[in-house]
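Novice: Sequence and predicted structure, then a few things I'm wondering about:
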Amino acid sequence: MYLSEYASISSIVREALPFELLATVGGVIAGIILSGIRQTKLLNKPKSRSLE
């Protein structure tokens, strides 16, 4: 009984791992894109301040 439960859990983990990896990679990419957008906004702000 314990062996069958362990086998089912391991198979679920094996199926879920690729999705978790894709989710984490997607989150990292989204974070990099968001930080890039924030950096460009921060770089554009000092220019408008210097004109004032």
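Specialist: Sure thing, it's come through.

Novice: pLDDT weak spots in this protein?
Specialist: Counting by pLDDT under 70, the chain contains low-confidence ranges at 1, 46-52.

Novice: From L34, how far out is the residue nearest the centre of it?
Specialist: Of all residues in the chain, the one closest to the mean position by CA atoms, centre = their mean is G27, 1.3 Å from it. As judged by CB to CB, to the nearest Å, G27 and L34 stand 10 Å apart. The C-beta positions use only the backbone N, C-alpha and C, and glycine is treated the same way.

Novice: for V25, same thing?
Specialist: 15 Å.

Novice: Check P18 too.
Specialist: 24 Å.

Novice: and if you look at L43?
Specialist: Distance, L43 to L34, using CB to CB: 15 Å.

Novice: before we move on, what about K41?
Specialist: 11 Å.

Novice: Same question for L21.
Specialist: 20 Å.

Novice: check which helix or strand covers T40.
Specialist: Element membership for T40 (DSSP states H and E) is helix 2-51.

Novice: where does that helix sit relative to the chain's centre, distance-wise?
Specialist: 0 Å (CA atoms, centre = their mean, to the nearest Å).

Novice: Can you report how many residues lie near S8?
Specialist: Residues near S8, counting by other CB atoms under 10 Å, number 10.

Novice: If you could redo that for L17, that was the one I meant.
Specialist: What L17 shows, counting by other CB under 10 Å, is a neighbour count of 10.

Novice: got the contact list for it?
Specialist: Residues in contact with L17 (CB atoms under 8 Å, 6 or more residues apart in numbering): none are found.

Novice: how near is it to V25?
Specialist: Relative to V25, and taking CB to CB, L17 is found at 12 Å.

Novice: Same question for S11.
Specialist: 23 Å.

Novice: now L43
Specialist: In terms of CB to CB, L43 sits 27 Å off from V25.

Novice: Same check on I37?
Specialist: As judged by CB to CB, I37 and V25 stand 19 Å apart.
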